[in-house]
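# Mind folding the following:
(4 chains)
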2 protein chains.
Amino acid sequence: MKLKSVDISKTASASSIVFEALRKAIIEGELTEGEPLRQDEIARLFNTSRIPVREAISRLEEQGLVKTQRYKGAVVSGLSVGEAEEIFDFRALIEPEVIRRAVPLMSPDILDAARASCAAFSESSDPMRWGDLNRDFHSALYSASGLQYHLDVIDNAMDRVDRYLRAQLVLSNGMERANDEHLMILEACAAGDASLAAERTRLHITSARQSLIQNIHSLR
Amino acid sequence: MKLKSVDISKTASASSIVFEALRKAIIEGELTEGEPLRQDEIARLFNTSRIPVREAISRLEEQGLVKTQRYKGAVVSGLSVGEAEEIFDFRALIEPEVIRRAVPLMSPDILDAARASCAAFSESSDPMRWGDLNRDFHSALYSASGLQYHLDVIDNAMDRVDRYLRAQLVLSNGMERANDEHLMILEACAAGDASLAAERTRLHITSARQSLIQNIHSLR
DNA sequence: ATTCAGTAGATTGGATCCAGAAAATGGCAC
DNA sequence: GTGCCATTTTCTGGATCCAATCTACTGAAT
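A predicted model of the protein is given here:
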């Protein structure tokens, strides 16, 4: 008997559907900073009651994506430029190390997947997709490390600065430079040079940070 | 009229009380790995309904402290030795950098606070308190950095390995060595030598990691 | 004895309902 | 018209209730 096995226990609950949807909406900037999340409204939107919505919101708060005040509700939590810088610094610290440890473990499959994401990134003309493809590329490489905790932490950091990352890609020549840097990182990985890949990853992140700071005026 | 002002908006909600209590119980090992969390039971324990309990559990899951399966409930999520090692590696990467950036900003007040925690740590004969005092000491120093995101991430990492940390302190001469290392770190901080403080912090963490691996048998 | 369907109890996920707090509204004095 | 207080409305936090699912047990067929 050949059946595609589906882990039935992982069918999504209402609360996780709401959680994922809100998370996506927040990191992509559809819900903007300070915007209040009305439980009723969201519940109606998803044809559910407020209970799953509240669970979703409390999870979002744990992730730092919203802030709640008792009896006042939740608002999308913004990120000051200073906070964004801090998170870029954080990424510049951890991601190079993850890729350093990933390089020796990179299978051809993984390199191919990364190449594919990279190509899709460079070819896409839709700025809205750049953010996703950019993350796909990095995730593909990092995942080879097998460092689950590190990967989770990186994901959270990326979530938080996602809006800034997207903004940074569309302005000036952010997209072109990111693509160049991706190719350089890929090259180092393919060559098996872990230290070089790490250093290039570090530069990739710090250059995004720099570009963010310089263009801060056009973002606000 | 002199009244001690209390921010009434921060009076804890039922769900956060439950959350904090469960978090503490888990990281201190009162609730052991694999132990199921029965919503009813917990609700009765706190004289509340299951709603706040469920919110607390979903927050705990977001923090990685429990794992839930749909319709089956939540169990305290354990940590394999490999995962604990990964988190120690993570700490060894990030905490030195935080202290490096904290040193130039350390006021005498903060140094005093750290000295106090350190002294309390060395004098305490209650193994159950060592874990707390150890964290107090490090937190005091790190907090000077003002890097809120880094601090949050470190807290989460500490939560996850708290049980291993405590275990590591009680066995062999873990406590003595930790105390020596604390004094060395403190000395470097007081002298304003950021790089030295960073390096000593790194060694402090990797030595705990080593000790954990060597004594792994006696822990299981 | 073993295996399997069927059932009852336990447990979770979600809906509805209620109380308390915050915001909005509407007089009312000035 | 403006500022202030009371009332109404809106909204959140929590309690209770219901449905869906899991689990343990029973008992019958083989």
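
# What is the distance between whichever strand or helix holds A:A84 and the centre of its chain?
When elements are assigned from DSSP states H and E, A:A84 belongs to helix A:81-102. Going by CA atoms, centre = their mean, to the nearest Å, the spacing between the C-alpha centre of helix A:81-102 and its chain's C-alpha centre is 12 Å.

# try stretch A:19-37
Between the mean C-alpha location of stretch A:19-37 and the chain-wide mean there is a distance of 14 Å, by CA atoms, centre = their mean.

# any residue of it up close to DNA strand C?
No. No part of stretch A:19-37 sits near DNA strand C under the criterion CB under 7 Å from any atom of the strand; the closest distance found is 9.6 Å. Using the backbone N, CA and C atoms, a C-beta is placed for each residue, glycine as well.

# any idea how far A:S207 is from A:H182?
When CB to CB, to the nearest Å is the yardstick, A:S207 and A:H182 sit 12 Å from each other.

# Look at the two and report which has more neighbours.
Between A:S207 and A:H182, counted using other CB atoms under 10 Å in any protein chain shown, A:H182 has the larger neighbour count: 25 against 16.

# quick one: the more buried one and chain B, what's the gap?
Look at A:H182 and chain B: by CB to the nearest CB, to the nearest Å, they are 23 Å apart.

# Same check on A:F121?
Using CB to the nearest CB, we find A:F121 at a distance of 27 Å from chain B.

# Quick check: that residue touching A:W130?
Yes. A:F121 is within contact range of A:W130, at 6.7 Å (criterion: CB atoms under 8 Å).

# Find the residues that touch each one of those two.
Counting by CB atoms under 8 Å, 6 or more residues apart in numbering or on different chains, no residue touches both A:F121 and A:W130.

# quick one: contacts for the residue nearest to the spatial centre of chain A?
Geometric centre of chain A, nearest residue: A:M158, 3.7 Å, by CA atoms, centre = their mean. Neighbour list for A:M158: A:R91, A:R135, A:L165 [criterion: CB under 8 Å, 6+ apart].

# For the first one, give me its contacts.
Under the criterion of CB under 8 Å, 6+ apart, the contact list for A:R91 reads A:I154, A:A157, A:M158, A:V161, A:I205.

# just the buried members of the residues you listed?
Burial by neighbour count, judged by 16 or more other CB atoms under 10 Å in any protein chain shown, picks out A:I154, A:A157, A:M158, A:V161, A:I205 from the contacts of A:R91.

# Could I get the pLDDT score of the last one?
Okay, so that is A:I205. With respect to pLDDT, A:I205 scores 96.

# Now do the SS call for it.
When the structure is reduced to helix, strand and coil (DSSP: H, G, I helix; E, B strand; the rest coil), A:I205 reads as helix.

# Identify the residue nearest it in space, chain neighbours excluded?
Setting aside the residues directly before and after it, A:I205 is nearest to A:A92 in space (CB to CB, 6 or more residues apart in numbering or on different chains), at 4.3 Å.

# Please tell me the pLDDT value assigned to that neighbour.
Reading off the per-residue confidence, A:A92 sits at a pLDDT of 98.

# what's the burial count for it?
Taking other CB under 10 Å as the criterion, the count of residues near A:A92 is 19.

# do you know how far it is from B:L196?
As it turns out, when the distance is counted by CB to CB, A:A92 lies 22 Å from B:L196.

# With A:L196 instead?
Summarising the geometry, the distance separating A:L196 from B:L196, computed by CB to CB, is 29 Å.

# tell me which parts of chain A are close to chain B?
Applying the criterion CB under 8 Å from any CB of the partner chain, the portion of chain A that neighbours chain B consists of A:9-11, A:13, A:15, A:51, A:54-55, A:58-59, A:61-64, A:69-72, A:83, A:86-87, A:89-90, A:93-94, A:97, A:147-150, A:152-153, A:157, A:160.

# go with 7 Å
Taking CB under 7 Å from any CB of the partner chain as the criterion, chain A approaches chain B at residues A:9, A:11, A:13, A:15, A:54-55, A:58-59, A:62-63, A:69-70, A:83, A:86-87, A:90, A:93-94, A:97, A:147, A:149-150, A:153.

# of the residues you listed, buried ones?
For the residues of chain A next to chain B, a neighbour count by 16+ other CB under 10 Å gives the buried set as A:13, A:15, A:54-55, A:58-59, A:62-63, A:83, A:86-87, A:90, A:93-94, A:97, A:147, A:149-150, A:153.

# Can you sort out which of these also neighbour DNA strand C?
Near DNA strand C, taking CB under 7 Å from any atom of the strand as the test, the members of these found are A:S13, A:S15, A:E55.

# what's the closest residue to the first one other than its chain neighbours sitting at in phi/psi?
This means A:S13. Nearest non-adjacent residue to A:S13, counting by CB to CB, 6+ apart: B:R70, 5.8 Å away. In terms of degrees, to the nearest 10, the main-chain angles of B:R70 are phi -60, psi 130.

# surely B:R70 meets A:A14?
No. The pair B:R70 and A:A14 fails to qualify as a contact (CB atoms under 7 Å) at a distance of 10.8 Å.
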